[in-house]
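Student: Sequence and predicted structure below; questions after.
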Amino acid sequence: MKKYFIIILTLIFISSCMSTDIVSYRLSDSARTINIPNLDEYLILRCDFHMHTIYSDGKVSPAIRVEEAFFEGLDAIAFTDHIERKTRNKNYRSVSLNGVLEEAIASDYSDKIIVIKGAEISLSMPPGHFNAIFLTDPDRLFNVNYIDSFQEAKSQGAFIFWNHPGWETQQPHTTLWWPEHTELFDLGLMNGIEIANFNEYYPEAHQWALDKNLTIIGNSDAHLSIDNYTDIYHRTSTFVFAHERTAESIHEALNERRTAVYFQNYIIGEEIYLKEIFEKSVSINIVKKRTEITITFINNSDLAFQLKKDEHDPRISYLRNRTPLPYTISPQSRQSFKVRIEESITGGDVNFIIENLLIAPNTGMKYTIKI
């Protein structure tokens, strides 16, 4: 009797653990769904264009990748398994990378996530690893000559970008642009570059993107379950400024360089887009009483913005010593601070640098509030 009682208790315990895991997974992923306002001309689509599954060296099935993306509020994902390291798992009917998309479509959430077919060309440095997305047949990319692989991807209409250019394994203590990259770029076989991958930001790559008009990309490069990468921050991802929520519109936006990178608490991109994101997220109310002015920020987004003083008229005083710096506009908040002006002036400019909106390597966006 005692033996059966122990078995029953064990089964109850296992059942409880399984239930808790499921609830925890749902809650943690739902908490990472991020409310971001769209722009006047474009939708902001949050995308991850670099991840792996059991079809190469990943530990997660394609269907689970789709489910993860749904519960995290993503709009699109691209499967980019390594063409050189396809799985030999006998439980899967085919080692063709085309099977990744077939399994993803079988997910219960496949109608809610845009799924893009891709592959990773994984080479030693130089030139390193590259992703090709919007492929029609990733299996055809496997060639002895890597230039032939890139040409095949281009012939399929792919968007091609350089992965983790500063990856320590391939470029220890440095991030270099090699002659092989110049060749690929000159042949039109490099359209973009990851300036952020997982938990790393590459300022050198960011500058190359600006100098060479490459599309900036940020991705998770997930191999394990996404929960292993997002304990503190959301997954690294790409904001795509698209006309419509379709694969075709995402492809067009990538080709036109309409992207920003969402990395930790940073948004990295062109000032024209970052400024509109800030102004769509935060409304500003100004109340003036003689020489004291109250500026109130109403943040209706799930983004945080970190402000510090920029050069300004010394007759205007704000964010004084007792104010914690950088001054953070918290998500979904309403908060105010005081500005004092000397009696000799009636107004002026309150100048900030929004430190976590990067318009160039490690360079925050300037912003002015007129009072």
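Tutor: Sure, I can see it.
Student: Let me see the mean pLDDT of stretch 211-230.
Tutor: Mean per-residue pLDDT for stretch 211-230: 93.
Student: Pull out the buried residues from that stretch.
Tutor: Using 16 or more other CB atoms under 10 Å as the test for burial, stretch 211-230 gives 214-223, 226, 229-230. For glycine as for every other residue, the C-beta is placed from the backbone atoms N, C-alpha and C.
Student: Distance from it to the middle of the chain?
Tutor: Remark: stretch 211-230 is offset 6 Å from the chain centroid, using CA atoms, centre = their mean, to the nearest Å.
Student: start at 14 instead
Tutor: Sure, I'll start counting at 14 from here, so that last one is stretch 224-243.
Student: Can I get the buried residues of stretch 224-243 in CSV including secondary structure and distance to E283?
Tutor: Shown next, in CSV, are those (DSSP: H, G, I helix; E, B strand; the rest coil; distance: CB to CB, whole Å):
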residue, secondary structure, distance to E283
L227, coil, 13
T228, strand, 11
I229, strand, 9
I230, strand, 14
G231, strand, 14
N232, strand, 19
S233, coil, 23
D234, coil, 24
A235, strand, 27
H236, coil, 31
I239, helix, 28
Y242, coil, 27
T243, coil, 26
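Student: and of those, the nearest to E269?
Tutor: Relative to E269, the closest of the buried residues of stretch 224-243 is T228; by CB to CB it sits at 8.3 Å.
Student: Return the set of residues that bridge with the closest one.
Tutor: G205 (DSSP bridges).
Student: Might one say that it is in contact with A273?
Tutor: No - counting by CB atoms under 8 Å, T228 does not reach A273; the two are 10.5 Å apart.
Student: K72: what's it in contact with?
Tutor: Contact analysis of K72 by CB atoms under 8 Å, 6 or more residues apart in numbering lists 236-238.
Student: any idea which of those residues is closest to F310?
Tutor: Within those, the smallest distance to F310 is 36.3 Å, found for S238 (CB to CB).
Student: The residue nearest to that closest one when sequence neighbours are not counted - how many residues pack around it?
Tutor: Distance criterion CB to CB, 6 or more residues apart in numbering; nearest residue to S238, sequence neighbours excluded, is V73 at 5.6 Å. Other residues near V73 come to 19 when the count uses other CB atoms under 10 Å.
Student: I figured V73 hits N241, correct?
Tutor: No - V73 lies out of contact with N241 (CB under 8 Å); the separation is 9.9 Å.
Student: if I look at the two, which residues touch both of them?
Tutor: Counting by CB under 8 Å, 6+ apart, the contacts common to V73 and N241 are A235.
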